[in-house]
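Engineer: Here is my input; please provide its structure:
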Amino acid sequence: MTNKINKLFMKSSVFIFWVIISLIILTAKAEADTEKLGKIDAPWKTEAELQKRVADSLWRLEKAIRRDGFPSAICALNIWRCNATDAGIFDRGQYDEFKRQIYQKSIAETLAWFEVCIEEGWTRDADFWHRVYYVRANEIGKFDQTKYDKMMVKIKKIKKRKKK
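Structural biologist: Numbering: from 1, shown residues only. Okay, here's the model as predicted:
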């Protein structure tokens, strides 16, 4: 009986030994791969490439402000900001101006959609656009309490009409 236990103990010890050795080798290989990744120089690290990326992202931002909706324009704004920061030419004033343009366009679109919802009698959607107006107008300091209250009154009128 003790002979079987000794053989089983030896087999399990050898197995555990090989598992530990395998883990050590895999860990060393993973660390070596990580070090290799850290040493790769990206092509955009040169000054010329950084400037090119900033110019490209600025062009895409301006295009997004003109043609696209809020999510796309905000994404383009953040990409431009990151590229300009990497290049060391980020201008906070220019960033704030782009952000203001994006939010003003969004507020105008929000008000238009709100009116469509009111005309169609869609109270849930109108309430959604009402809240969107509140958030986006507050973000750039263009919130108008009287306009907000008038919007709320319009929603309540439609709800009263639907109850009758």
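Engineer: mind checking how far the residue nearest to the spatial centre of the chain is from residue 125?
Structural biologist: For the chain, the residue nearest the mean C-alpha position is residue 75 (6.7 Å; Cα atoms, centre = their mean). Distance, residue 75 to residue 125, using Cβ to Cβ, to the nearest Å: 24 Å. The C-beta positions use only the backbone N, C-alpha and C, and glycine is treated the same way.
Engineer: and what of residue 150?
Structural biologist: Separation of residue 150 from residue 125 (Cβ to Cβ): 17 Å.
Engineer: Who has more neighbours out of these two?
Structural biologist: Neighbour comparison, residue 150 and residue 125: the larger count goes to residue 125, with 15 against 10 (by other Cβ atoms under 10 Å).
Engineer: Grab the nearest non-local neighbour of that one.
Structural biologist: Spatial nearest neighbour of residue 125, chain neighbours left out: residue 117 (4.2 Å); criterion: Cβ to Cβ, 6 or more residues apart in numbering.
Engineer: domains of this protein?
Structural biologist: 1-40, 46-163 (automatic domain parsing).
Engineer: Give me whichever of these is most buried.
Structural biologist: With neighbours defined as mean count of other Cβ atoms under 10 Å, the domains of the chain peak in mean count at domain 46-163, which reaches a mean of 15.
Engineer: And that one, how far out from the chain middle?
Structural biologist: 14 Å (Cα atoms, centre = their mean, to the nearest Å).
Engineer: Could you pull up the mean pLDDT of the helix or strand harbouring residue 115?
Structural biologist: Taking DSSP states H and E as the definition, residue 115 sits inside helix 92-120. Mean pLDDT, helix 92-120: 94.
Engineer: Which other helices and strands does it contact?
Structural biologist: The contact analysis (3 or more Cβ pairs under 8 Å, 6 or more residues apart in numbering; DSSP states H and E) places helix 92-120 against helix 47-67, helix 70-87, helix 123-139, helix 145-163.
Engineer: Serialize those to JSON lines and add fields for mean pLDDT and distance to residue 103.
Structural biologist: Output for those, formatted as JSON lines (pLDDT from 0 to 100; distance: least, Cβ to Cβ, whole Å):
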{"stretch": "helix 47-67", "mean pLDDT": "91", "distance to residue 103": "11"}
{"stretch": "helix 70-87", "mean pLDDT": "92", "distance to residue 103": "8"}
{"stretch": "helix 123-139", "mean pLDDT": "94", "distance to residue 103": "5"}
{"stretch": "helix 145-163", "mean pLDDT": "91", "distance to residue 103": "15"}
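Engineer: Distance to residue 112 added to the ones you listed, as CSV?
Structural biologist: Formatted as CSV, those follow (distance: least, Cβ to Cβ, whole Å):
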stretch, distance to residue 112
helix 47-67, 16
helix 70-87, 13
helix 123-139, 9
helix 145-163, 13
